[in-house]
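Visitor: fold the following.
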Amino acid sequence: QVQLVESGGGLVQAGGSLRLSCAASGRTFSSNRMGWFRQAPGKEREFVAAITWSGTWTGYADSVKGRFTISRDNAKSTVYLQMNSLKPEDTAVYYCAAQPLGSFKYDFWGQGTQVTVSS
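Guide: Take a look at the predicted model:
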């Protein structure tokens, strides 16, 4: 089992920045691919960004490329999402998720943190 706890959400004006954190505990954190997802009201959950356990590969949704940066610190069992140039359409609940080694899906999810971007 992996327990994930997100933090860092809040209210920010358009053009502003936020950094989300996801603290992991339980199974060996460094063996997981980690991802960020988001869900806006009335919409399905969507992929935002992901990072391999080594941090050597990252992937982003087209809508956030060039504005968001995912990173991880395995020594602290924490993954981050730096969000710059925020837009009102980035408003959503952001979830952290872990894909264990050998799994083809994200098996563990955090409770989410609200990000609200005002225009």
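
Visitor: so the residue positioned nearest the centre of the chain bridges to which residues?
Guide: The residue lying closest to the centre of the chain (Cα atoms, centre = their mean) is residue 36, at 2.7 Å. Per DSSP bridges, the residues bridged to residue 36 are residue 49, residue 96.

Visitor: distance-wise, check it relative to residue 72.
Guide: 11 Å (Cβ to Cβ, to the nearest Å). C-beta: built from backbone N, CA, C; applies to glycine.

Visitor: ditto for residue 97
Guide: 13 Å.

Visitor: and if you look at residue 4?
Guide: 12 Å.

Visitor: re earlier: between residue 97 and residue 72, what contacts are shared?
Guide: residue 34 (Cβ atoms under 8 Å, 6 or more residues apart in numbering).

Visitor: quick one: contacts of stretch 13-28?
Guide: With Cβ under 8 Å, 6+ apart, stretch 13-28 has contacts from 1-10, 12, 32, 34, 36, 76-88, 94, 96, 98, 100, 110, 113, 115, 117-119.

Visitor: output that stretch as PDB, restricted to C-alpha atoms.
Guide: Taking C-alpha atoms only, stretch 13-28 is exported to PDB below (Å, rounded to 0.1, in the frame of the first residue of the first chain):
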ATOM      1  CA  GLN A  13      -5.300  35.000  -9.800                       C
ATOM      2  CA  ALA A  14      -4.800  34.200 -13.400                       C
ATOM      3  CA  GLY A  15      -1.200  34.400 -14.300                       C
ATOM      4  CA  GLY A  16      -0.100  33.400 -10.900                       C
ATOM      5  CA  SER A  17       1.700  30.300  -9.600                       C
ATOM      6  CA  LEU A  18       1.200  27.500  -7.200                       C
ATOM      7  CA  ARG A  19       3.300  24.500  -6.200                       C
ATOM      8  CA  LEU A  20       1.500  21.300  -5.200                       C
ATOM      9  CA  SER A  21       3.200  18.600  -3.100                       C
ATOM     10  CA  CYS A  22       2.300  15.000  -2.700                       C
ATOM     11  CA  ALA A  23       3.800  13.200   0.300                       C
ATOM     12  CA  ALA A  24       4.000   9.400   0.000                       C
ATOM     13  CA  SER A  25       4.300   6.700   2.700                       C
ATOM     14  CA  GLY A  26       4.100   3.000   2.800                       C
ATOM     15  CA  ARG A  27       5.700   0.900   0.000                       C
ATOM     16  CA  THR A  28       9.000   1.900  -1.500                       C
END
